[in-house]
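In: quick one: sequence plus predicted model below, questions after.
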2 protein chains.
Amino acid sequence: MTKSADLLLINAIVLTMDEEMHQYEPGAVAVSGDSVLAVGPEAEVRKACPAAQVVDCGGKVLMPGLVNAHTHVPMTLMRGLADDLRLDVWLQGYMWPVEREFVSPDFVRLGTQLACAELIRTGVTCFADMYFFEENVAKATAEAGLRAVCGQSVLKFPAPDAVSFEDSLAAAREFIEHWKGHTLITPSVAPHAPYTCTPEILRATAQLAAEFDVPLQIHIAETALEVENMRRENGMPVVPYVKKQGLFDAKVLAAHCIHIDEGEMHTLLHAGAGVAHNPSSNLKLASGFAPIQKMLNLGLNVGIGTDGSASNNDLDMFEEVRLAAFVAKTVSNDPTAVPAATALKMATRLGARALHLGPVTGSLEPGKRADLILVDISPLHNSPRFRHDANNVYSQLVYAGKASDVVDVMVNGKWLMHNHELLTLNEKELTAAAQEYARKIDTFLIAREQSVFSKLVALGGSAEEESFEVQVKVKLNDPAPVLKALKKTEIEILLKKHYHQHDIYFTFADPAQGWLRYREDEMIDDKEQITGVRGRLTLIGPSREGDFAHDVLLSRIRYFAPAANSLRFYREYFKPASETAVEKDRLRWLVRYKNEEFFINLDRVETPDLGYYLEIKSRTWSRRDAEEKANCSSELILLLGGSLENTITQDYVEIAGEEK
Amino acid sequence: MTKSADLLLINAIVLTMDEEMHQYEPGAVAVSGDSVLAVGPEAEVRKACPAAQVVDCGGKVLMPGLVNAHTHVPMTLMRGLADDLRLDVWLQGYMWPVEREFVSPDFVRLGTQLACAELIRTGVTCFADMYFFEENVAKATAEAGLRAVCGQSVLKFPAPDAVSFEDSLAAAREFIEHWKGHTLITPSVAPHAPYTCTPEILRATAQLAAEFDVPLQIHIAETALEVENMRRENGMPVVPYVKKQGLFDAKVLAAHCIHIDEGEMHTLLHAGAGVAHNPSSNLKLASGFAPIQKMLNLGLNVGIGTDGSASNNDLDMFEEVRLAAFVAKTVSNDPTAVPAATALKMATRLGARALHLGPVTGSLEPGKRADLILVDISPLHNSPRFRHDANNVYSQLVYAGKASDVVDVMVNGKWLMHNHELLTLNEKELTAAAQEYARKIDTFLIAREQSVFSKLVALGGSAEEESFEVQVKVKLNDPAPVLKALKKTEIEILLKKHYHQHDIYFTFADPAQGWLRYREDEMIDDKEQITGVRGRLTLIGPSREGDFAHDVLLSRIRYFAPAANSLRFYREYFKPASETAVEKDRLRWLVRYKNEEFFINLDRVETPDLGYYLEIKSRTWSRRDAEEKANCSSELILLLGGSLENTITQDYVEIAGEEK
């Protein structure tokens, strides 16, 4: 019985990527409407399916289009923005500030179009995306003609497209209602990660996805730190935790899964969850080696993804497939692990299944949508061709094939690229518009990089206001008289604290930047026990704002905030020219003297070993007030037994610098 | 003062890759003859060096050509021949048999030309090669116009171009004498590896290289097994061992160096040796992760190489550079390790130094040869471009750049590629000729794969001749009577042995292939101590050649040899359909009976637990002789207390198979 087709693709090396990995050479594929009608040896298909149009594939490989199982397409606009940084510096120092400033529906639309152009060029016919303003990702993708699972992101923090997670959730519901049933777009909800979502968000997103029977996307166990924190805070690794929140009520696509154990793999398997493996991103961010050989052995549907271009820095699935095979071999100390055919299966059939689109795409089989590509395996860099083994052709594609060897791309029965020419997107316009965004972002970053202060502000978080400080400091030989003098009635003690302070001062090539001080305060109680540690970040102005009698100084604190990140973070983010360590023991009193409040610091500077100092400090907001407080400070010094003959105008960091 | 140039390249993003990593945009390079005359900002260079010819680079990156620090260019003809195999199976099962059959001056010439075309296309201007018939590599490379260090290989085994190492050494001397002083070709000698060379070879090659002051190339510490063997056999790791042989009298280029410790790195540093890092090959063959961050920290000149296309499977340095950065990050758990600029430095300046060509190439500096490339960083897959940081451009090249973005290539002041078109090689002719070789190799391999026997023969090594065996076997309830009967005067005992035998029988889908038996004999002395172990490989013919009275059988041993490799090797090489284990304790006597020699085996089969068997065996070369021996065998069975009522015609493997 013959069935008439719309299009017959003949004279191809057909790789079906079906369960039995059938190959036909010369093979043919018959397409009817949006679907594959028949696949097989050329002569058979020609006989069974006469078609109006016959295309000679010239001996190219005809195979299912690649499935990019995890990406953030709008981030293509941030390709190469910042690299070779640790995850926290990269995210908090660059990605988030730029996203806060620039991400908009227009940004998302353009980024998606740019990405779609690259995806089509590199043989991808289907991808899974998570980002903000996902409505615009879906629209641009559908217009470009690609198939995608589009996930509206939900986080516990304010996002570029929502001030609260309730807003994100409402947007996700609306998004899913709008796109549900679309030929190309499968809407989805994407709680970003367990550590950026509350348990309520995880539960609510799972219920939403289950209600509409759409996939749920999430980042799982991307770093060892995430797992460590999860164990400490919740007493279990990541997968059991999300299971407890009911996440697997939904069809889950879990990205990364680098640091999961065999028990967690079983949980994912039983939940029918798909996994997206992202070798380039995992390597570039030093996240680790995902145990994909084990996952595959268990029968998990492990797809391959590029992750976003900001961390990869491209959407080239040919590289990802090769890397998936390469890395699996060395990590399992076995060059036979993840052979070429398996790697290619991950990028096609298994990827489609991971996206919960198994029945729709991922292999060339009658009834599935016609999502296919033609790849030239005859260029110089892929010559010669061996044929003694059925695996030779997979080897060619995986180990020597390049994305630029993709010649034609069809999705849903429609050509998107023909003979290297994009049919649905205008590359020239897109790259020009992208360059305009890059120019603006460069301007923003260059302005920010010009001062330590603006880099600090860019980090976000709550900083205290600018303030001026009146201070006077004297060297002491013996602290005992001070302790005794503090009992005088003129001085009312309001508070007493004892700290051990570890300071690191960053200095910069340009002295006008001042000093950035990272301080760890160990708080010490009456029994000399450490009761707590806090980190503080202070940007100290470079120059004195004023000088009063007896070397009483007016200095400016430009920025003062809790240090939310580690010393290492600030070191990598600010790249100081040099560092100086100062360590001291501080007794600190808040006192009232002549109706004004003052801080009295009795310091023993241990690193470098400088001995005892007495310091009087007071915050002020006006120059006249400063004048008055300067006088009182001098009086206090004398009252506490210090001498105004040997006042010190330098900060400890300056004295320490001279000692070096 | 102005100096006139032959050619001025203007309007480029010039990356000098010099010590200070100078960049100029818009920058220019002036070329005079074969050398760089000036590099700098466009306006300055234009003013200082007027030139007859000015080329507008259209805003492309102008940088030194890439240096491929380790490869085997003729192996490009074996790209994709066999993949996803363990090193020994890949080498002994595929590479060596094919090389024995096909490698000739013509093969080497064509493979080199094919490789040169790919190298030029991918922006390589200089490479280090080791292979056979290196004269032909050098000639083809010089004709193509590329710069190379060409190493004539020396091994302790016969090679395609020499029956003995003395011949190789003589050829190396002649080769060096011939090419010494050539503009493009630096001749070199290449003792393959410490484990494939004798100490004499290492000494002789080092002396030869030192005599002519040319580089010596060698593979060092590529696998953990190599180091393990070296430690066991010589009590030290690889680098101290080669040092002891005087290797560092020469300028050494050491490839791989995966499994070396910090002491060895210091030795290499002090010896002025260069290191070639091969990330793709190391991953694909699961050789391990080379500690390149440590080597770089110490100040070693670490270049990057592709290795041969048979194991990579291409010569794409863009991929290698990216991979060098990626892998270093994850292995050192630090995404800031080997940043883009460092990776690119390895592929240019450090690579040239590793090849001992530092003063000649590797950076754009006045006086160095004009080895340069133009790279387009504006294609879709590399858009947009950020410029807020000097490192952005290195990121673009390393993390998103593709070999296909190389537009023009110049070596020694001469264009080899212009606007993607090769000027010194004919790609079409080369790929056609390469395909002809692939066809022949396919035919050879397909013929070989058709029988287990031919695959065995392809492994090489000394196999014993075919022989026929007369055998009769009976089941015993009690072995004691046999031991007593052996004292009868009719039987003269010539030898007695005691073995514990572990057999694995491979069976194949086609029963006509017979059984392949891998046996480990534990030899046991009178005190029941194991005195030695030997491995034997036996191909047992599938059918009986004849049947005599009382089930005396004539069977054929088709192949019988010491097992030079592991069980794992043979399993991966022969890919049996199934395996059966048989374990037994064997007392074996060589006896003379009626002037004929017979083997008497008294077996206790332990796995599966089958009990005692008595077996009489005798080798024979003629059917008449077989007839006589069959009769004697039956007599012996009776003489030893066995009964001919219950003779067994099956091999143990068959009985074991039934037991399963």
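Out: Noted; the coordinates are in hand. Numbers count the residues shown, from 1 in each chain, chains lettered A, B, ... in the order given.
In: confirm A:Leu374 sits in a strand?
Out: Yes. A:Leu374 forms part of a strand when assessed by DSSP: H, G, I helix; E, B strand; the rest coil.
In: ok, now how distant is it from chain B?
Out: For A:Leu374, the distance to chain B equals 18 Å [CB to the nearest CB, to the nearest Å]. Bear in mind the C-beta positions are built from the backbone N, C-alpha and C, glycine included.
In: how about the closest residue to chain B within the stretch 1-150 of chain A, what does it touch?
Out: For the stretch 1-150 of chain A and chain B, the shortest gap (CB to the nearest CB) falls at A:Asp84, measuring 3.7 Å. Residues near A:Asp84 by CB atoms under 8 Å, 6 or more residues apart in numbering or on different chains: B:325, B:335-336, B:339-340, B:391, B:395.
In: also within reach of chain A: list those from those residues.
Out: Counting by CB under 8 Å from any CB of the partner chain, B:325, B:335-336, B:339-340, B:391, B:395 from those sit close to chain A.
In: thinking again about what came up before, what does the pLDDT read for the residue of the stretch 1-150 of chain A closest to chain B?
Out: A:Asp84 carries a pLDDT score of 94 in this model.
In: then A:Ser462?
Out: pLDDT at A:Ser462 comes out at 48.
In: same check on A:Gly546?
Out: At A:Gly546, the model reports a pLDDT of 60.
In: show me which residues of the stretch 51-200 of chain A sit near chain B.
Out: A:77, A:79-87, A:90, A:114, A:117-118, A:121-122.
In: most neighbours among the residues you listed, which one?
Out: Of all these, the most densely surrounded is A:Arg79 (31 neighbours; neighbours counted as other CB atoms under 10 Å in any protein chain shown).
In: tell me who's in contact with the closest residue to that one other than its chain neighbours.
Out: Closest residue in space to A:Arg79, ignoring its immediate chain neighbours: A:Ser309 at 4.1 Å, by CB to CB, 6 or more residues apart in numbering or on different chains. By CB under 8 Å, 6+ apart, the residues touching A:Ser309 are A:71, A:75-76, A:78-79, A:115, A:118, A:315, B:400.
In: which secondary structure state does the residue lying closest to A:Val154 once chain neighbours are set aside sit in?
Out: Distance criterion CB to CB, 6+ apart; nearest residue to A:Val154, sequence neighbours excluded, is A:Ser168 at 4.2 Å. Per three-state DSSP, the secondary structure class of A:Ser168 is helix.
In: determine the set of other helices and strands touching the helix ranked longest in chain A.
Out: Using DSSP state H, we find that the single longest helix of chain A is helix A:427-449. Secondary-structure packing of helix A:427-449 (3 or more CB pairs under 8 Å, 6 or more residues apart in numbering or on different chains; DSSP states H and E): helix A:96-102, helix A:105-121, helix A:452-458.
In: how close does A:Ala485 get to A:Lys584?
Out: Distance, A:Ala485 to A:Lys584, using CB to CB, to the nearest Å: 21 Å.
In: hmm, I was thinking of A:Leu225
Out: 31 Å.
In: these two - which one has more neighbours?
Out: Remark: of A:Leu225 and A:Lys584, A:Lys584 carries more neighbours, 19 against 13, as counted by other CB under 10 Å.
In: need the contact list for that one.
Out: With CB under 8 Å, 6+ apart, A:Lys584 has these contacts: A:500-501, A:503, A:603-607, A:652.
In: apply 6 Å and report the result again.
Out: With contacts defined as CB atoms under 6 Å, 6 or more residues apart in numbering or on different chains, A:Lys584 is in contact with A:501, A:603, A:605-606.
In: residues in contact with A:Thr336?
Out: B:Asp84.
In: for it, give me the pLDDT.
Out: For A:Thr336, the pLDDT comes out at 93.
In: check the secondary structure at it for me.
Out: At A:Thr336 the chain is in coil, as set by three-state DSSP.
In: how deep is whichever residue of the stretch 551-660 of chain A sits closest to chain B tucked in, by neighbour count?
Out: Closest residue of the stretch 551-660 of chain A to chain B, CB to the nearest CB: A:Glu572 (6.7 Å). Neighbours of A:Glu572 under the rule other CB under 10 Å: 19.
In: find the nearest non-adjacent residue to A:Ala254, please.
Out: Leaving aside its sequence neighbours, A:Ala254 sits nearest to A:Ile220 (CB to CB, 6+ apart; 4.2 Å).
In: distance check, that neighbour against A:Thr267.
Out: Taking CB to CB, one finds A:Ile220 at 11 Å from A:Thr267.
In: surely A:Leu483 forms part of a helix?
Out: Yes. Assessed by three-state DSSP, A:Leu483 belongs to a helix.
In: break chain A into its domains for me.
Out: Residue ranges for the domains of chain A, per automatic domain parsing: A:5-59, A:65-359, A:463-659.
In: point out the most buried one among those domains.
Out: Among the domains of chain A, ranked by average contacts under mean count of other CB atoms under 10 Å in any protein chain shown, first place goes to domain A:65-359 (a mean of 23).
In: quote the end-to-end distance of that domain.
Out: 15 Å (CA to CA, to the nearest Å).
In: coming back round to it: just put the helices and strands packed on helix A:427-449 in TSV and tack on distance to B:Asp408 and mean pLDDT.
Out: What follows is those, written out as TSV (distance: least, CB to CB, whole Å; pLDDT from 0 to 100):
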stretch	distance to B:Asp408	mean pLDDT
helix A:96-102	35	89
helix A:105-121	23	98
helix A:452-458	40	78
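In: B:Leu425 is nearest to which of the ones you listed?
Out: Closest to B:Leu425 of the helices and strands packed on helix A:427-449 is helix A:105-121 (CB to CB; 27.3 Å).
In: by proximity to chain B, which residue of the stretch 401-550 of chain A wins?
Out: Among the residues of the stretch 401-550 of chain A, A:Ala438 lies closest to chain B, at 3.5 Å counting by CB to the nearest CB.
In: would you mind measuring from the closest residue to that residue other than its chain neighbours to A:Asp307?
Out: Leaving aside its chain neighbours, A:Ala438 sits nearest to B:Pro384 (3.5 Å; criterion: CB to CB, 6+ apart). Noted for B:Pro384: a distance of 18 Å to A:Asp307, by CB to CB.
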